[in-house]
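> Mind folding the following:
(2 chains)
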2 protein chains.
Amino acid sequence: MKPVRIGLLGCGTVGGGVLQLLRAKGEQVVQSVGAPIEVTSVLVRDADKTRVPELDRSRLTTDPEAVLGDASIDVFVEVMGGFDPARAFVERAIDSKRSVVTANKMLLAMHGPSLIDRAIANGVDLAFEGSVGGGIPVIRVLREALASDSVVRLEGIVNGTCNYVLTRMRAEGLGFDAAVREAQAKGYAEADPGLDVDGHDAAHKLVVLAMLAFGGSVESGSVPTEGIRGIDPIDHRFAQRFGFVIKHLAIGRERGEAVELRVHPALVHQEAPLANVNGVMNAIAIEGTALGATVLSGRGAGDLPTAVSVVADVLDVARARRSGVSGLATRGIKTRARALAPMDDLKGRYYLRFQVHDRPGVLARLAGALGDAGVSIEQMVQEGAGGASPVELVMLTHEATERDVQRALGVIARSEVAAAAPRMIRIQE
Amino acid sequence: MKPVRIGLLGCGTVGGGVLQLLRAKGEQVVQSVGAPIEVTSVLVRDADKTRVPELDRSRLTTDPEAVLGDASIDVFVEVMGGFDPARAFVERAIDSKRSVVTANKMLLAMHGPSLIDRAIANGVDLAFEGSVGGGIPVIRVLREALASDSVVRLEGIVNGTCNYVLTRMRAEGLGFDAAVREAQAKGYAEADPGLDVDGHDAAHKLVVLAMLAFGGSVESGSVPTEGIRGIDPIDHRFAQRFGFVIKHLAIGRERGEAVELRVHPALVHQEAPLANVNGVMNAIAIEGTALGATVLSGRGAGDLPTAVSVVADVLDVARARRSGVSGLATRGIKTRARALAPMDDLKGRYYLRFQVHDRPGVLARLAGALGDAGVSIEQMVQEGAGGASPVELVMLTHEATERDVQRALGVIARSEVAAAAPRMIRIQE
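Next up is the predicted model:
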């Protein structure tokens, strides 16, 4: 049996996991693909670094040419991450008519549509299950299981760092910085946590999911994105009081003419499926016209879960290549550019927290500014009444548009009653 | 473009949904398969019955021969359900080298392994996503996404009727009969609800899932199966008091030498993912060695969700057929017979409820019988003390074996302290 030959680009934790799974499941692989899979060469930056014992070190090279120029390789597996040189490597592999499996969400978010078009033009596969949701097979479900349905909405907890930090803030009353330090100590956050806690990682993943769910591409830089730095332990307390939990969500909706994508913290009802997804777990809720709501949850990151997704793609692509077919992983994906719905038009309910000086007439001023903008208040609660220090005043609005809420908040922020910038968190119904 | 020709066997709610989706998504289908899909003939029992408007009535026939004998058909879609004549039809289709998509869980549970072997021998596909979990793509996830992992455990709420009945009993304090009547009125339960509420439907689905998850087949009649008829509103109350929710579960575990499969009501912690799956929703938790725990949830039944799964299979099978490959849906499935782990060896914690006459020494008698069998008590609570009527006494045990618990319950049931048969519900950790 002629093996399917793999060139592994990168051998960090995910790459090591891929080698471990392929070794451990050799027999299963042969049964599934109809041939063994052979990792022919492994491209790394540092040939001397310690790697998993499953790596045959004679296959290691630091010379990209030795791997990318090897015409005997059938499938390239890109698990180096980052942007450069991953993009050039993937493009070269596709141009030389080889299929590619990648777990690189940043590359996909930035250049997914052009890479997919390139793969289709070259008659090869580009599979990327590992790029979103670690081991949660959400790409496969959107691509295959929902092939005959129309996705109208998706909502996900797709960044484990944010979810861990918010979970610990809520459970232990930790401040944001303390929760981040804890996440770093446990290996759940990077030394520079910005890509995660500022929401950019979630935005990348949302763009990849939206391409499959709604058909079409948007620039990931143009997705309205907020992180979780502004969330205070007090917000968790107030949210709980109103029956909500604060989660960091990636949200997408089909709006017909445009697609609505946004990433931000949100109040979700404590009984909603996503409210009970805690710690580093991820979950993605998908609503299809025919299917109704489906929720997929699991470990959204980690070497082995992501490796399971990468290997599932490798098996699919290897099988397709042996059968002489291709385009399995890219079929039906629409890459046309799509307009983003303007955030200003968003309609919903809002959680507003004001730190104000406790003087007569303050509430009238706040209510007046909101009322002038057409925002009406559904509930209000005040904490820490009396004394010289500012008090916290929290309101939940009735449905309002983002434009009106922002206008009212602007007026309030500029007024002398505000002791600090107002805090706004959207309520996700 | 030569269309892929479909013979539809049955045109009830699922069959109608298939026709609707294929019609609504015609363009998407062509893009996905590379050819249009044409429903050539539709076999029904009653040609005069009202059907979905998407059905071209000129394709209707009541003559099996007109469909099964039509050599131009590429793929048969069996959505008639039941056992006879579905089995013979599916076998004949496979023997005549045509691929089959079926949503028939009973057929799969009873004859899955032999049908799969038959499909492999004939070089055709047999796909059955629609047979378990409605629109939840659990078969696809087990078959593809976990291809390189080892599933060690699965736990599911796979019967919507049971889940609806238990949910209503808990939320409203309804008795079993009243909850079943409500389910019937809403179309969630059959006139004869036995197949659902006695657990047989869940056992069928478990056998299908286990074949994929653990590799191998067991007789569905030999799976230890309990329904929910014995659950009383009082059990929901006590469960809640201890922090649990009662759910009807299908449970599978890889035990190495044998596979452990069982279907019964169970107490699950109120914070566990399955505890919050309510009404007719289904959910399946899968634990893989590499992947960790993944939960898939959604609408487990209904015409359109199931049709989405059936159409996803049709697209896969049609595509494979056009490419001249097959075995996609059956690859790697092991059909060897596997031994079931004996229920007696099960270890776990137990919820025990005794209705006893409130006399001095009763507790000592109960504790004595349990202690003699090696079962120790972790918590105890009594309700309705004093008076002439019997009282309810509930105990949670420490870990014990099923054998020992059953032995103790036998002794207690035969003793004069028991005013009614003891009730036992397993605790699922």
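> Check which element follows the helix or strand containing A:Val67 along the chain.
Per DSSP states H and E, A:Val67 falls inside helix A:64-68. Per DSSP H and E, helix A:64-68 leads on to strand A:75-78 as the next helix or strand towards the C-terminus.
> For chain A, give the helix that spans the most residues.
Ranked by number of residues, the top helix in chain A under DSSP state H is helix A:303-323.
> which helices and strands sit right next to it?
With contacts defined as 3 or more C-beta pairs under 8 Å, 6 or more residues apart in numbering or on different chains; DSSP states H and E, the packing partners of helix A:303-323 are strand A:4-9, helix A:13-24, helix A:26-33, strand A:37-43, strand A:75-78, strand A:99-102, strand A:126-127. The C-beta positions use only the backbone N, C-alpha and C, and glycine is treated the same way.
> now A:Ala307: how far from A:Ile73?
For A:Ala307, the distance to A:Ile73 (C-beta to C-beta, to the nearest Å) stands at 20 Å.
> Tell me the gap between the lowest-mean-pLDDT helix or strand in chain A and the middle of its chain.
Least confident helix or strand of chain A, by mean pLDDT, DSSP states H and E, is helix A:26-33 with a mean of 85. In terms of C-alpha atoms, centre = their mean, to the nearest Å, the centre of helix A:26-33 is set 31 Å apart from its chain centre.
> Next, the buried residues of the helix or strand where A:Ala121 lies.
Per DSSP H and E: A:Ala121 is located in helix A:105-122. Residues of helix A:105-122 classed as buried by neighbour count (16 or more other C-beta atoms under 10 Å in any protein chain shown): A:105-113, A:115-116, A:118-120, A:122.
> That one vs chain B: in contact?
No - judged by C-beta under 8 Å from any C-beta of the partner chain, helix A:105-122 stays clear of chain B, getting no closer than 11.4 Å.
> Then stretch A:3-23?
Yes - using C-beta under 8 Å from any C-beta, stretch A:3-23 reaches chain B at A:Gly17, A:Leu21, A:Leu22.
> I'd assumed A:Pro305 was in contact with the second one.
No - shown here, A:Leu21 and A:Pro305 do not form a contact pair, counting by C-beta atoms under 8 Å, at 10.8 Å.
> Mutual contacts of the two, please.
B:Ala290 (C-beta atoms under 8 Å, 6 or more residues apart in numbering or on different chains).
> Would you list the phi and psi of A:Val124?
Dihedral angles of A:Val124 (phi, psi; degrees, to the nearest 10) stand at phi -120, psi 170.
> what's the burial count for it?
26 (other C-beta atoms under 10 Å in any protein chain shown).
> list the contacts for it?
Contacts of A:Val124 (C-beta under 8 Å, 6+ apart): A:Ile94, A:Lys97, A:Arg98, A:Ser99, A:Val100, A:Ser326.
> Go through these and say which is closest to chain B.
A:Ser326 (9.6 Å; C-beta to the nearest C-beta).
> Can you point out the buried residues in whatever helix or strand A:Asn163 lives in?
Element membership for A:Asn163 (DSSP H and E) is helix A:160-172. Of the residues in helix A:160-172, A:Gly160, A:Thr161, A:Cys162, A:Asn163, A:Tyr164, A:Val165, A:Leu166, A:Thr167, A:Arg168, A:Met169, A:Arg170 count as buried by neighbour count, 16+ other C-beta under 10 Å.
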